[in-house]
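>>> here is a sequence with its predicted model. Questions after.
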Amino acid sequence: MSRKTPQGPVSPLPELARGRLLTVEEAAERLNTTVRFPRRLIEERRIFFVHVGRNVRIPEAALDAFIAAGLVAPVARFKRRAA
């Protein structure tokens, strides 16, 4: 008896690697930082990136995920009334 493999579209790319690929300079501009910051993120493997030949590109979805992961919820403070 032979095994059957599931048929259908198989996507080799993870969801974060889809969409527009940004240069390091474009990612830095979007983050409003210097070029050094996204390069450090790549070096420390803190963000997904893609090698296109000798060039490095950051998927726009990966940059969005990085920004979303850094969101901090506001704290609601209530003022006490003076007694």
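Thanks, I have the structure now.

>>> chain center to the strand of greatest length in the chain: distance?
For the chain, the strand that runs over the most residues, judged by DSSP state E, is strand 55-59. Strand 55-59 sits 11 Å away from the centroid of its parent chain (C-alpha atoms, centre = their mean, to the nearest Å).

>>> for residue 73, see how far away the residue nearest in space to the middle of the chain is.
Nearest to the geometric centre of the chain sits residue 62, at 2.1 Å (C-alpha atoms, centre = their mean). From residue 62 across to residue 73, the span is 22 Å (C-beta to C-beta, to the nearest Å). For the C-beta atoms, the positions are set from N, CA and C on the backbone; glycine is no exception.

>>> other residues contacting stretch 59-66?
With C-beta atoms under 8 Å, 6 or more residues apart in numbering as the test, stretch 59-66 has contacts from 15-22, 27, 30-31, 41, 46-50.

>>> strands of the chain, start to end?
21-22, 50-52, 55-59.

>>> let me have these in a markdown table, extended by mean pLDDT.
Below are these laid out as a markdown table (pLDDT from 0 to 100):
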| stretch | mean pLDDT |
| --- | --- |
| strand 21-22 | 96 |
| strand 50-52 | 91 |
| strand 55-59 | 96 |
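
>>> of the ones you listed, which is nearest residue 36?
Ranking those by distance to residue 36, with C-beta to C-beta as the measure, places strand 55-59 first at 13.7 Å.

>>> listing partners with orientation, what would you give for that closest one?
Paired strands of strand 55-59, with direction, are strand 21-22 (antiparallel), strand 50-52 (antiparallel) (DSSP bridges).

>>> residue 55 bridge partners, please.
residue 52.

>>> helix or strand with the lowest mean pLDDT in this protein?
Using mean pLDDT, DSSP states H and E, the weakest-scoring helix or strand in the chain turns out to be strand 50-52, at a mean of 91.

>>> how about stretch 41-61: buried residues?
Neighbour-count burial for stretch 41-61, counted by 16 or more other C-beta atoms under 10 Å, picks out 41-42, 47-49, 56-61.
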